[in-house]
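Engineer: Sequence below, structure please.
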Amino acid sequence: MKLFSIASGSSGNCVYAGAGDTHLLIDAGISGKRIAEGLQTYGIRPDALDGLLVTHEHVDHVKGLGVLARRHRLPVYATEGTWVELEAAGSLGRLDPSQKVVIRRDEPFRIKDMEVTAFSIPHDAREPVGYTLQSGGKKIGLATDLGCCNPYILSHLKGSNLLYLEANHDPRMLQVGKYPYFLKLRIASDLGHLSNEASADMVRELCSESLSHIVLGHLSHENNLVELAYASVRMELDRWKANPVGLSVAERAANSPLITL
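Structural biologist: Model prediction:
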């Protein structure tokens with residue numbers, strides 16, 4: 001299995017995951033042109049994609065979704081609640097009905113070589129989800145845009161070989177930053193975004209013999225620093241002595257390195 005981030009943060013999110021000849025995108029919150037360029041960096045054609053997995057309807061996750069799906073006739077996988085919001089906004093344009101795939105939380109489904117499971121996450125969207133992807137005995141877990149963690153989420157992510165987790169903000173930077181008070185409350189709420197410390201707490205629960213790498217994503221440009229996010233999670237990983245775990249941070253506007261399991 002393989003993974004890399006094409007974009008990460010409030011300005012747009014897009015992650016590639018693949019296994020064998022199966023190629024998926026998780027979210028498409030940047031332009032179709034940027035997505036194509038990001039894929040081609042690693043020799044992947046956009047028309048080789050097998051599907052687009054949507055976490056939720058916020059624009060930084062779906063900005064390029066309609067263009068990409070229409071141009072390459074790709075199936076789009078999203079929960080019923082997310083579809084309701086996408087269609088109400090009219091942001092996808094006119095898709096063929098066959099491209100609309102409604103998924104249900106906690107019910108695994110297959111896309112060629114990959115088993116995909118969506119799980120519920122707490123965020124201020126209609127029916128947001130994270131995903132686990134499994135193929136060939138390997139597992140990738142992805143969870144961003146969640147205000148808090150809980151045992152249910154951990155149960156889905158446990159046993160992952162690779163984790164893509166949110167580390168959105170440093171609480172002190174958020175507190176003293178320039179955002180309006182209502183937005184600070186939203187970000188810090190249980191339906192907002194994970195702080196660096198909350199992400200580190202998740203990592204503490206998810207460290208296992210199988211875990212080989214963690215990518216931190218959705219860092220705030222205004223309320224976080226790469227160094228702070230990295231240090232918070234690295235501290236937890238260094239306490240886990242059983243096996244070394246790689247740690248990297250997804251870039252805001254550039255491809256992250258390709259990780260192969």
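Engineer: Okay, strands next: where are they in this protein?
Structural biologist: 2-7, 14-19, 22-26, 51-53, 76-79, 100-103, 109-111, 114-120, 129-135, 138-143, 162-166, 213-217, 246-249, 259-260 (DSSP state E).
Engineer: tell me the average confidence for the shortest one?
Structural biologist: Think strand 259-260. For strand 259-260, the mean per-residue pLDDT is 98.
Engineer: what do you get for the third one?
Structural biologist: For strand 22-26, mean pLDDT is 99.
Engineer: in its sheet, what does that strand sit against?
Structural biologist: Applying DSSP bridges to the sheet, strand 22-26 is found paired with strand 14-19 (antiparallel), strand 51-53 (parallel).
Engineer: Can you measure across stretch 171-183, start residue to end residue?
Structural biologist: 13 Å (CA to CA, to the nearest Å).
Engineer: in that stretch, what counts as buried?
Structural biologist: Neighbour counts over stretch 171-183 (16 or more other CB atoms under 10 Å) mark P171, M173, L174, G177, Y179 as buried. C-beta here means a position set from N, CA and C on the backbone, and glycine is covered the same way.
Engineer: between these, which is nearest K100?
Structural biologist: Y179 (35.5 Å; CB to CB).
Engineer: how many other residues sit next to the nearest residue to the closest one once chain neighbours are set aside?
Structural biologist: If the residues on either side of it in the chain are set aside, Y179 comes closest to E222, at 6.7 Å by CB to CB, 6 or more residues apart in numbering. Neighbourhood size, E222 [other CB atoms under 10 Å]: 11.
Engineer: again, but for the one 3 residues further on
Structural biologist: Other residues lying near L225 total 15 when counted by other CB under 10 Å.
Engineer: In contact with it, which residues?
Structural biologist: Contact partners of L225, counting by CB atoms under 8 Å, 6 or more residues apart in numbering, are D170, M173.
Engineer: looking at it, P108 is touching V116, isn't it?
Structural biologist: Yes - here P108 reaches V116: they are 6.8 Å apart, a contact under CB atoms under 8 Å.
Engineer: Looking at the two, which has the bigger crowd around it?
Structural biologist: Just comparing P108 and V116: by other CB under 10 Å the higher neighbour count belongs to V116, 21 against 12.
Engineer: Flag the shaky bits of the stretch 151-261 of the chain, pLDDT-wise.
Structural biologist: 241-242 (pLDDT under 70).
Engineer: Helices of the chain, start to end?
Structural biologist: Secondary structure of the chain by DSSP state H: the helices cover 32-41, 59-62, 65-72, 80-89, 151-157, 171-176, 181-188, 196-206, 226-239.
Engineer: For the ones you listed, give me JSON lines that also has distance to A250.
Structural biologist: Listed next are the helices of the chain as JSON lines, based on distance: least, CB to CB, whole Å:
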{"stretch": "helix 32-41", "distance to A250": "12"}
{"stretch": "helix 59-62", "distance to A250": "13"}
{"stretch": "helix 65-72", "distance to A250": "19"}
{"stretch": "helix 80-89", "distance to A250": "22"}
{"stretch": "helix 151-157", "distance to A250": "17"}
{"stretch": "helix 171-176", "distance to A250": "19"}
{"stretch": "helix 181-188", "distance to A250": "18"}
{"stretch": "helix 196-206", "distance to A250": "13"}
{"stretch": "helix 226-239", "distance to A250": "10"}
